[in-house]
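Fold the following for me, if possible:
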Amino acid sequence: MGSIFFSSDPQQALRMQRHLAAMGALLVFTLICILFYSNDLFIIDRLTFSYILIIFWAGALLITIIFRLRLNEKFSDPSLTVLQIVWGTTFLLTITYSLNESRGLTLMAYFGMLSFGFFKLRFREFFSVAMFAILGYILIILYLFINEPDRIDIKFELLQLLAFVSTITVMLFTGSAIHRLRERASKQRDELQAALELNRTLATTDELTGLYNRRYFMKKLAEQKALSERDDSDFVIVYCDLDHFKSINDKFGHHTGDIVLKKFSEILQSSIREIDYAARFGGEEFICLLVHTDMENSKTVTDRIRKSLEEYNFSDIAPSLQATVSIGIAHFKEFHTIQETMMSADHRMYAAKKSGRNKVVYTDEEADTETTD
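Modelled structure (predicted):
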């Protein structure tokens, strides 16, 4: 039953919930009107009274349909608060005119109707609907005074009007104050959420490069080890170290060195899949986790990374600047422990550096040959 009225979208569901609450209030007032009519408090006949109820309930149900079809989302205020209050106030004004000298009984209903705007309407909007209610009531009194004076005690009506305007004025400023407090609380909540998101980002990523940091990478590596042991899958660890990075800092400055680090980070991110992980391990050292892959595919990926950095044109930063990277890779199934896999990838990266840099080493035999040469 709830799926007929409520959307899976939490915001839309909340709007529908508020609308149904307003419909509930309208239903209560309708039942009260029927009670008034049965006690001869109306000056209209039964058919006119029935038409009034039918017309205004048809409008209320039309608003329900608008919510259900999500047409309300096309308006600047998807909650349609002003529309609902104006429609409900028009209903109350019609009932007020149709009552005999007991019309003052409807004044409390106005306050209940306007209270629906407390948490949603800004001062200008709340002022508009409040003035609509006040002017509507004034016009009813004026019309009766001019055309049906036998139906009105003008002195008593003016006193009621004064009390009505005074109460609505208090509601107006109270409602606007509540709205300001609500907006302030909403702004503070958004700022807190942004701060929490920033803290979460700083806790998992490297500030300079935007890659994951060492701590988060090691956490993901441990999770991948457990997963690989369950489903007998493999993963590859890639160690990268920028060649002669100290010389780049010394020759071109640390700002240029930071640019090189950022560019290499972009190359890493664009070269691996979304399911893989890349992290800055410290200084000019980087590490990658390639999941569900083998050494041949890893060699293709890492060689693409090496070539991309080697061929990147840094001439707009420094004409003679060129950066390369040495890479060592090892897969988990070869060693069965994270520590040994990482040590092997690190050893192979060191071998790539010793053999002339700008190279990928992916076997111990190749590493041993390079380190002995």
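
any chance you could map the strands in this structure?
In the chain, the segments counted as strands under DSSP state E are 235-242, 277-282, 285-291, 325-331, 360-361.

average pLDDT for the longest one?
Pointing back at strand 235-242 there. Per-residue pLDDT over strand 235-242 has a mean of 95.

Same check on the third one?
Mean per-residue pLDDT for strand 285-291: 95.

which other helices and strands contact that strand?
With contacts taken as 3 or more CB pairs under 8 Å, 6 or more residues apart in numbering; DSSP states H and E, strand 285-291 sits against helix 214-231, strand 235-242, helix 254-271, strand 277-282, helix 295-311. Yep, even glycine has a C-beta here, placed from its N, CA and C like the rest.

Highest mean neighbour count out of these?
strand 235-242 (a mean of 24; mean count of other CB atoms under 10 Å).

Would you mind confirming that residue 78 is in contact with residue 72?
Yes. With contact defined as CB atoms under 8 Å, residue 78 counts as touching residue 72 (4.9 Å).

so what sits against both of those two?
Common neighbours of residue 78 and residue 72, using CB atoms under 8 Å, 6 or more residues apart in numbering, are residue 15.

quick revisit: okay, the helices and strands packed on strand 285-291 in JSON lines with distance to residue 333 next?
Putting those into JSON lines (distance: least, CB to CB, whole Å) gives the following:
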{"stretch": "helix 214-231", "distance to residue 333": "8"}
{"stretch": "strand 235-242", "distance to residue 333": "9"}
{"stretch": "helix 254-271", "distance to residue 333": "23"}
{"stretch": "strand 277-282", "distance to residue 333": "18"}
{"stretch": "helix 295-311", "distance to residue 333": "10"}
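
Can you say which of those is nearest to residue 18?
helix 214-231 (41.5 Å; CB to CB).

average pLDDT for the closest one?
Here the average pLDDT along helix 214-231 is 92.

Name the residues that touch that helix?
Looking at what lies outside helix 214-231 - CB under 8 Å, 6+ apart - the contacts are 203-205, 212, 233-235, 237, 277, 279-282, 287, 289, 291, 332-333, 338.

Relative to the whole chain's centre, how far out is that helix?
Helix 214-231 has its average C-alpha position 30 Å from the chain's average C-alpha position, going by CA atoms, centre = their mean, to the nearest Å.

between that helix and strand 285-291, how many degrees?
If you take axes from the mean of the first three to the mean of the last three CA atoms, to 10 degrees, helix 214-231 sits at 20 degrees to strand 285-291.

C-alpha coordinates for helix 214-231, PDB please?
Listed in PDB are the C-alpha atoms of helix 214-231, where the atom choice follows Å, rounded to 0.1, in the frame of the first residue of the first chain:
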ATOM      1  CA  ARG A 214      50.400   4.000   2.400                       C
ATOM      2  CA  ARG A 215      48.100   3.200   5.300                       C
ATOM      3  CA  TYR A 216      45.000   2.800   3.200                       C
ATOM      4  CA  PHE A 217      46.900   0.800   0.500                       C
ATOM      5  CA  MET A 218      48.100  -1.700   3.100                       C
ATOM      6  CA  LYS A 219      44.600  -2.100   4.400                       C
ATOM      7  CA  LYS A 220      43.300  -2.900   0.900                       C
ATOM      8  CA  LEU A 221      46.300  -5.200   0.300                       C
ATOM      9  CA  ALA A 222      45.300  -7.200   3.300                       C
ATOM     10  CA  GLU A 223      41.700  -7.400   2.200                       C
ATOM     11  CA  GLN A 224      42.800  -8.600  -1.300                       C
ATOM     12  CA  LYS A 225      45.100 -11.300   0.300                       C
ATOM     13  CA  ALA A 226      42.100 -12.700   2.200                       C
ATOM     14  CA  LEU A 227      39.900 -12.600  -0.900                       C
ATOM     15  CA  SER A 228      42.600 -14.300  -3.000                       C
ATOM     16  CA  GLU A 229      43.000 -17.000  -0.500                       C
ATOM     17  CA  ARG A 230      39.200 -17.600  -0.500                       C
ATOM     18  CA  ASP A 231      38.700 -17.700  -4.300                       C
END
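
where does residue 79 land on pLDDT?
Note on residue 79: pLDDT of 87.

The chain should start at 49 in everything you say after this.
From this message on, residue numbering opens at 49, which makes the last subject residue 127.

Can you give me the distance of the closest residue to it other than its chain neighbours to residue 115?
Among residues not flanking residue 127 along the chain, residue 63 sits closest, at 5.0 Å (CB to CB, 6 or more residues apart in numbering). Distance, residue 63 to residue 115, using CB to CB, to the nearest Å: 6 Å.

Please identify every residue contacting each of those two.
Listed as contacting both residue 63 and residue 115 by CB under 8 Å, 6+ apart are residue 128.

what about the residue nearest to residue 94 when sequence neighbours are not counted, neighbour count?
Excluding the flanking residues, the one nearest residue 94 by CB to CB, 6+ apart is residue 85, at 7.7 Å. By other CB atoms under 10 Å, 18 other residues sit near residue 85.

Looks like residue 85 contacts residue 98 (just checking).
No. Judged on CB under 8 Å, residue 85 makes no contact with residue 98 at a distance of 9.7 Å.

Distance to residue 215 for the strands of the chain - can I get that in JSON lines?
As requested, the strands of the chain are exported to JSON lines (distance: least, CB to CB, whole Å):
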{"stretch": "strand 283-290", "distance to residue 215": "71"}
{"stretch": "strand 325-330", "distance to residue 215": "63"}
{"stretch": "strand 333-339", "distance to residue 215": "67"}
{"stretch": "strand 373-379", "distance to residue 215": "75"}
{"stretch": "strand 408-409", "distance to residue 215": "80"}
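
These: which one's closest to residue 231?
Nearest of the strands of the chain (CB to CB): strand 325-330, 40.3 Å.

Point out the other helices and strands that that closest one packs with.
By 3+ CB pairs under 8 Å, 6+ apart, strand 325-330 packs against helix 262-279, helix 302-319, strand 333-339.
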